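Asker: Next come a sequence and a model predicted from it.
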Amino acid sequence: MNNPIPDLDPRLRQRYQLARELAEEAAGKGLEFYRKRVSLKVEHKAGDQQDVVSIADRELELFIRDGLQQAFPEDGILGEEGGAQNLDASFVWVIDPIDGTACFLNGLHNWCVSIGLLQEGEPCLGVIADPNHAELFHGVRGHGAWVNDEPLSASEAQHVREGLTGVGTFHPEGKQHFMPFLQGLLDEGGMFMRNGSGALMTAYVAAGRLIGYYETRLKSWDCLAGLVLVQEAGGRCNDFLRGEGLLEGNPYLVAGASVYDQLSRLVGPSLDG
Ligand code: IPD
Ligand code: CA
Ligand code: CA
């Protein structure tokens, strides 16, 4: 695998290399599960019919955790399926083994493996593997971000009418802010899309395919890898990790730098409240 950043701190270089390898391998394993998805038993989390999980999510997370722990036993890990361990460590991995599980289980090609890394509490590298489209999004804070070998660059749109805005919400909290945002976006001539994977929509903001992406509430494993990509691609994000953001999640906005303020106004005070 090419290393686009030859002068990287060795501690980050090794982790960056491993994260890309594990994400690609996990995505390949995910594809095998995806092809036999009709035979997977589906469970619903916490009584929410829309919040689904299967053995594929659990096996992929175990695979990734195992690979990380073998190489870096001193690091902490937070994963959607396996929970948190050693969060006081200098490096903490934040993993979503399948982001877009509802798409995965319904045969829609919008899902990915997301692996992010915090260094002393700051997002420092991100890798998102999308096997359906043969795309690996990856980047390191201060060094750039790419999709496969192509540099990422966020949208230069100045107004929401100039492109597509990703959106999302979930049932337990925050959905009351969703329709007012959509109304405002449409009133200003914007248009929305939701593909069911917060990690992929974040990567698409970094790639300039979406001008921005708002979700009424996300969890850190949905977006931590993507946050590095957006920042490296010249985009902006809200203060997602504030308060209990790492463990509990927060409202979430990422966008091209010149359209961020307009989208932030459309969301209103709930964004950083
Ligand atoms: C979900 C996706 C979705 C978002 C939900 C997330 P999952 O993650 O990112 O786009 O709207 O809030 O929970 O459950 O597929 O890992
Ligand atoms: Ca997720
Ligand atoms: Ca998930």
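Answerer: Cool, the structure landed. Ligands and ions are numbered 1, 2, ... in the order given.
Asker: Who are the contact partners of the residue lying closest to Met193 once chain neighbours are set aside?
Answerer: Distances taken as CB to CB, 6 or more residues apart in numbering place Leu164 nearest to Met193, at 5.3 Å, with adjacent residues excluded. From N, CA and C alone the C-beta is placed, and that goes for glycine too. Residues counted as contacts of Leu164 (CB atoms under 8 Å, 6 or more residues apart in numbering) are 191-193, 209-211.
Asker: any chance of these in a markdown table, plus neighbour count, distance to Leu8 and secondary structure?
Answerer: Conversion of those to a markdown table gives the following (neighbours: other CB atoms under 10 Å; distance: CB to CB, whole Å; DSSP: H, G, I helix; E, B strand; the rest coil):
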| residue | neighbour count | distance to Leu8 | secondary structure |
| --- | --- | --- | --- |
| Met191 | 12 | 39 | strand |
| Phe192 | 17 | 37 | strand |
| Met193 | 14 | 35 | strand |
| Arg209 | 18 | 27 | coil |
| Leu210 | 27 | 28 | coil |
| Ile211 | 30 | 30 | coil |
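Asker: Run the chain-centre distance for stretch 183-193.
Answerer: 23 Å (CA atoms, centre = their mean, to the nearest Å).
Asker: Dump it to PDB, restricted to CA.
Answerer: In PDB, the C-alpha atoms belonging to stretch 183-193 read as follows (Å, rounded to 0.1, in the frame of the first residue of the first chain):
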ATOM      1  CA  GLN A 183     -37.700  23.500   5.600                       C
ATOM      2  CA  GLY A 184     -35.100  26.200   5.900                       C
ATOM      3  CA  LEU A 185     -32.700  24.400   3.500                       C
ATOM      4  CA  LEU A 186     -35.500  24.100   0.800                       C
ATOM      5  CA  ASP A 187     -36.600  27.700   1.400                       C
ATOM      6  CA  GLU A 188     -33.100  28.900   0.600                       C
ATOM      7  CA  GLY A 189     -33.000  26.800  -2.600                       C
ATOM      8  CA  GLY A 190     -30.900  24.000  -1.200                       C
ATOM      9  CA  MET A 191     -31.500  20.200  -1.700                       C
ATOM     10  CA  PHE A 192     -31.000  17.300   0.600                       C
ATOM     11  CA  MET A 193     -30.000  13.600   0.400                       C
END
